[in-house]
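> got a sequence here, can you build the structure:
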Amino acid sequence: MRPMATTMEPPTADPALLPPTAPPAGTVHLHRPTAGGPPGAAPPSGQGRLARLWRGPDDDPSWARPALIVLLGATAVLYLWGLGASGWANSFYSAAVQAGTHSWKAFFFGSSDSANSITVDKPPVSLWVMGISARIFGVNAWSILVPQALAGVASVGLLHAAVKRWYGAAAGLIAGAVLALTPVATLMFRFNNPDAVLVLLLIGAAYALLRSLEAASTRWLLLAWSLVGTAFLTKMLQALLVAPAFALVYLICAPTSFRRRFVQSVAAFVALVVSAGWWIAIVELWPASSRPYIGGSQENSILELVLGYNGLGRLTGDSKLQVEGKLGTRPAAWAAGEQAATAAACGAPPAGTACSTTSSARRRRGCSRRRSPSSPSG
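Residues are numbered from 1 along each chain as shown. As a prediction, the model looks like this:
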């Protein structure tokens, strides 16, 4: 009798007790992190988010974020308190803001009147900010001036962030406080001249440049020069006063090869030209017969305004605009355009204002407005 064959199977091990095995080479496991902590952790509550906002990054001193919030709050109070006392501030730009609320064409060109007779003597980016506010909240002193004050608060915050990244929280707070309390800054951010937006854009450009220097980042470098170009459309060549320093700092200090720094700088120059030149090109190519006269120019040319009155003329004092003072003459189109703009601005002034055009000097500024006795305090 032949014996039966017996098959012995190995015992089956519990998978939970087996050691983990390494994945095959080249395998990548992607895990979607859970917001607010590691996988499986409960998302932070609204109270937790508020506490983190108050505390700030973990590597910051516990006092840094509360001090920043206090600084920005105090700056907002300083710049917004009694803002209506300035009335229409610079009525030359307030008239252009009012015109932009009635005509998108006047909004785009920065015209002094909705009939598009003549533009102001600056590019329109600052007017666009005030014009959007006025279109949303109506034309009044607060809708014109509040964006300027908020630009000041944002400037303080950006300066703090730039200095803090390199020198620490205490240095950032000191820098922000110095800017907030500088008398000329306090005046500038409570007025409707283009300088408020100009300063905000240039501080933003400096912050982006510092970020680009940390890792030779092309993205941050292009952002920096795009902001400089946008600042050019606020006050023209005055925005480019920082350009030589920005270019040299990156070429010398960026932590990468010189060849890459050079290529990045060429790309940054292209970003500057595009961001600064698109509006200039449109205005220059637009038929002169269907656009407003370029205020501040002698030949109805935006390029003349860039290079003359708002360019080298600011440094040499010998812009073409000086010819008016020497010879007592100016283009007839300019004079006619100014008279039309003055008539339009003074014919329908915002509520609560009275208009006076008793001198040619006042007419050249658009319309000199003074608060009437019945005007509200705001």
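
> okay, the residue nearest in space to the middle of the chain and residue 125: tell me how far apart.
Compute the mean C-alpha point of the chain, and by CA atoms, centre = their mean the closest residue is residue 201, 4.0 Å away. Using CB to CB, to the nearest Å, residue 201 is found at 8 Å from residue 125. For glycine as for every other residue, the C-beta is placed from the backbone atoms N, C-alpha and C.

> between those two, what contacts are shared?
Counting by CB atoms under 8 Å, 6 or more residues apart in numbering, the residues touching both residue 201 and residue 125 are 230-231, 234.

> filter these down to just the ones in helices.
Residues of those located in helices (DSSP state H): 230-231, 234.

> for the chain, which segments count as strands?
For the chain, the strands defined by DSSP state E occupy 353-356, 368-371.

> quick check: mean pLDDT of the first one?
When you say that, I think you mean strand 353-356. What strand 353-356 shows for mean pLDDT is 38.

> and what of the last one?
Across strand 368-371, the average pLDDT comes to 37.

> quick revisit: if you rank the ones in helices among the shared contacts of residue 201 and residue 125 by neighbours, which is first?
Using other CB atoms under 10 Å as the neighbour criterion, residue 231 leads these with 29 neighbours.

> now residue 188, nearest residue through space, not along the chain?
Closest residue in space to residue 188, ignoring its immediate chain neighbours: residue 195 at 4.9 Å, by CB to CB, 6 or more residues apart in numbering.

> next one: the closest residue to residue 160 other than its chain neighbours from residue 75, what distance?
Excluding the flanking residues, the one nearest residue 160 by CB to CB, 6+ apart is residue 176, at 3.8 Å. Using CB to CB, one gets 8 Å for the distance from residue 176 to residue 75.

> who touches both of these two?
The contact sets of residue 176 and residue 75 overlap at residue 156 (CB under 8 Å, 6+ apart).

> show me the contacts for residue 176.
With CB under 8 Å, 6+ apart, residue 176 has these contacts: 68, 71, 75, 156-157, 159-160, 163.

> what's the burial count for residue 96?
Neighbours of residue 96 (other CB under 10 Å): 32.

> give me the below-cutoff pLDDT ranges for the stretch 201-350 of the chain.
Low-confidence regions of the stretch 201-350 of the chain, defined by pLDDT under 70, span residues 317-350.

> could you pull out the helices in it for me?
Counting by DSSP state H, counting those that start in this stretch, the stretch 201-350 of the chain has helices at residues 218-235, 243-253, 258-285, 302-307, 313-316, 322-327, 332-347.

> if we can go back for a sec, farthest pair in the contacts of residue 176?
Spatially, the most separated pair among those is 75 and 163, at 15.3 Å (CB to CB).

> neighbour count for the two, which is higher?
Set residue 75 next to residue 163 and count neighbours by other CB under 10 Å: residue 75 wins out with 25 against 21.

> can you get me a residue count around the closest residue to the more buried one other than its chain neighbours?
Once flanking residues are discounted, residue 75 sits nearest to residue 180: 4.3 Å by CB to CB, 6+ apart. Using other CB under 10 Å, residue 180 is surrounded by 24 other residues.

> residues in contact with residue 180?
Per CB under 8 Å, 6+ apart, neighbours of residue 180: 71, 74-75, 78, 152, 156, 186.

> who wins for neighbours among these?
Counting neighbours by other CB under 10 Å, residue 156 comes out on top of the contacts of residue 180 with 29 neighbours.

> doesn't residue 71 make contact with that residue?
Yes - the criterion here is CB atoms under 8 Å, and residue 156 meets it with residue 71 at 6.8 Å.

> pLDDT (mean, whole number) over stretch 88-99?
Rounded mean pLDDT across stretch 88-99 is 94.

> tally up the residues packed near the residue nearest to residue 188, please.
20.

> relative to residue 315, how far out is it?
For residue 195, the distance to residue 315 - CB to CB - is 17 Å.

> kindly report the same for residue 186.
Here residue 186 is placed at a distance of 27 Å from residue 315 (CB to CB).

> still on that earlier bit, and which of the ones in helices among the shared contacts of residue 201 and residue 125 is nearest residue 278?
Using CB to CB, residue 230 is the member of these that sits closest to residue 278, with 10.2 Å.

> ok, that closest one to residue 91 distance?
Separation of residue 230 from residue 91 (CB to CB): 26 Å.

> before we move on, what about residue 236?
22 Å.

> try residue 135
19 Å.

> quick one, which of these two is more surrounded?
A count of neighbours by other CB under 10 Å puts residue 91 above the other of residue 135 and residue 91, at 24 against 16.

> relative to residue 70, how far out is the more buried one?
36 Å.

> ok, residue 195 next?
26 Å.

> please apply the same query to residue 209.
Distance, residue 209 to residue 70, using CB to CB: 28 Å.

> one more: residue 64?
Plainly put, residue 64 is 11 Å away from residue 70 if you go by CB to CB.

> the more surrounded of those two?
Taking other CB under 10 Å, residue 64 and residue 70 do not tie; residue 64 has more neighbours (20 against 12).

> need the contact list for the more buried one.
Contacts of residue 64 by CB under 8 Å, 6+ apart are 56, 169, 173.

> quick one: end-to-end length of stretch 298-311, please.
Its start and end residues considered, stretch 298-311 measures 14 Å (CA to CA, to the nearest Å).

> buried ones in that stretch, by neighbour count?
For stretch 298-311, the buried set under the neighbour-count rule, 16 or more other CB atoms under 10 Å, comprises 298, 300, 302, 304-311.
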